[in-house]
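**Student:** Kindly generate the corresponding structure for this input.
(chains A and B)
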Amino acid sequence: GAVVSQHPSWVICKSGTSVKIECRSLDFQATTMFWYRQFPKQSLMLMATSNEGSKATYEQGVEKDKFLINHASLTLSTLTVTSAHPEDSSFYICSARVTTGGSYNEQFFGPGTRLTVL
Amino acid sequence: GENVEQHPSTLSVQEGDSAVIKCTYSDSASNYFPWYKQELGKRPQLIIDIRSNVGEKKDQRIAVTLNKTAKHFSLHITETQPEDSAVYFCAARRYNFNKFYFGSGTKLNVKP
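**Tutor:** Presented below is the predicted three-dimensional model:
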């Protein structure tokens, strides 16, 4: 099956700093990736859709200047949490949509990144 | 947009019993419905999915049923085992749309 990796798996940072999270599709090309946020014991909340070569599409209520998304290649999307604050602490998960082959239209998730802002 | 509701939020069953989780959706144009299993601290994993041209799909102990008219779909797990304990999410999506809309999740606890 398709494999999606995320890096780092966890990060602790001080309030006011910026953190970059990478999402890679390892064995397929992904023109579209998604970024989710998950609070403890809650569902996945879609933050934005990352499109290769174009601007990301943000969901209502998500600050695009705070959560910068770059999808510079067919296998890499990055999420940068700028000027992080404790309320940004969460589990961030990316996913990629397969658009060819037997897994067409399926969505594969990365392992997630646990962000803790002190 | 789409609104997916999932019930129950928690479900506790005895090992060997069956478990059923139900979801409803609002957008009649949605035509792809996957189910994901998420263990604590891990990524969601696709366990089964169904498309709108099919009413039921089965994979060993897991089955999904879809009622397009009523706009609801259900996950059925038979002969539950302790390793089935996890949080299960349903989702819905339109064919040509990228967005997946997730249910709120069901925490399944299978007691040995």
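**Student:** Next up, the contacts around A:Met47.
**Tutor:** A:35-37, A:58-59, A:62, A:67, A:79 (Cβ atoms under 8 Å, 6 or more residues apart in numbering or on different chains). All C-beta atoms are positioned from the backbone trio N, CA, C, and that covers glycine.
**Student:** Could you rerun that using 10 Å?
**Tutor:** Contacts for A:Met47 (Cβ atoms under 10 Å, 6 or more residues apart in numbering or on different chains) come out as A:34-37, A:56, A:58-59, A:61-64, A:67, A:69, A:79, A:90, A:92-94.
**Student:** after the helix or strand hosting it comes which helix or strand?
**Tutor:** Assigned by DSSP states H and E, A:Met47 belongs to strand A:44-51. Helices and strands here follow DSSP H and E; after strand A:44-51, the next one along the chain is strand A:57-58.
**Student:** Quickly run through the sheet partners of that next one, with directions.
**Tutor:** In the sheet, strand A:57-58 lines up against strand A:44-51 (antiparallel) (DSSP bridges).
**Student:** residues touching the closest residue to chain B within chain A, list them.
**Tutor:** Ranked by Cβ to the nearest Cβ, the top residue of chain A for proximity to chain B is A:Phe109, at 4.2 Å. The neighbours of A:Phe109, taking Cβ under 10 Å, 6+ apart as the test, are A:4, A:6, A:23, A:34, A:36, A:44, A:93-96, B:36, B:38, B:42-46.
**Student:** Ignoring the adjacent residues along the chain, who's closest to residue 53?
**Tutor:** In the absence of a named chain, chain A is used. Spatial nearest neighbour of A:Gly53, chain neighbours left out: A:His71 (7.2 Å); criterion: Cβ to Cβ, 6 or more residues apart in numbering or on different chains.
**Student:** wrong one, chain B
**Tutor:** Leaving aside its sequence neighbours, B:Asn53 sits nearest to B:Asn31 (Cβ to Cβ, 6+ apart; 7.8 Å).
**Student:** gap between B:Lys111 and A:Val11?
**Tutor:** 36 Å (Cβ to Cβ, to the nearest Å).
**Student:** Likewise for A:Ser54?
**Tutor:** Counting by Cβ to Cβ, the gap from A:Ser54 to A:Val11 is 27 Å.
**Student:** quick one, which of those two is more surrounded?
**Tutor:** A:Val11 (17 against 9; other Cβ atoms under 10 Å in any protein chain shown).
**Student:** my read is the more buried one is in a helix, agree?
**Tutor:** No - going by DSSP: H, G, I helix; E, B strand; the rest coil, the assignment for A:Val11 is strand, not a helix.
**Student:** and it, what are its bridge partners?
**Tutor:** With DSSP bridges as the rule, A:Val11 is bridged to A:Leu115.
**Student:** I figured it was touching A:Leu115, is that so?
**Tutor:** Yes - counting by Cβ atoms under 10 Å, A:Val11 touches A:Leu115, with 5.6 Å between them.
**Student:** shouldn't A:Asp65 be in contact with A:Ala56?
**Tutor:** No - the pair A:Asp65 and A:Ala56 fails to qualify as a contact (Cβ under 10 Å) at a distance of 11.9 Å.
**Student:** Same drill for the two, tell me which one is more crowded.
**Tutor:** In this view A:Asp65 and A:Ala56 are compared by other Cβ under 10 Å, and A:Ala56 has more residues nearby, 21 against 8.
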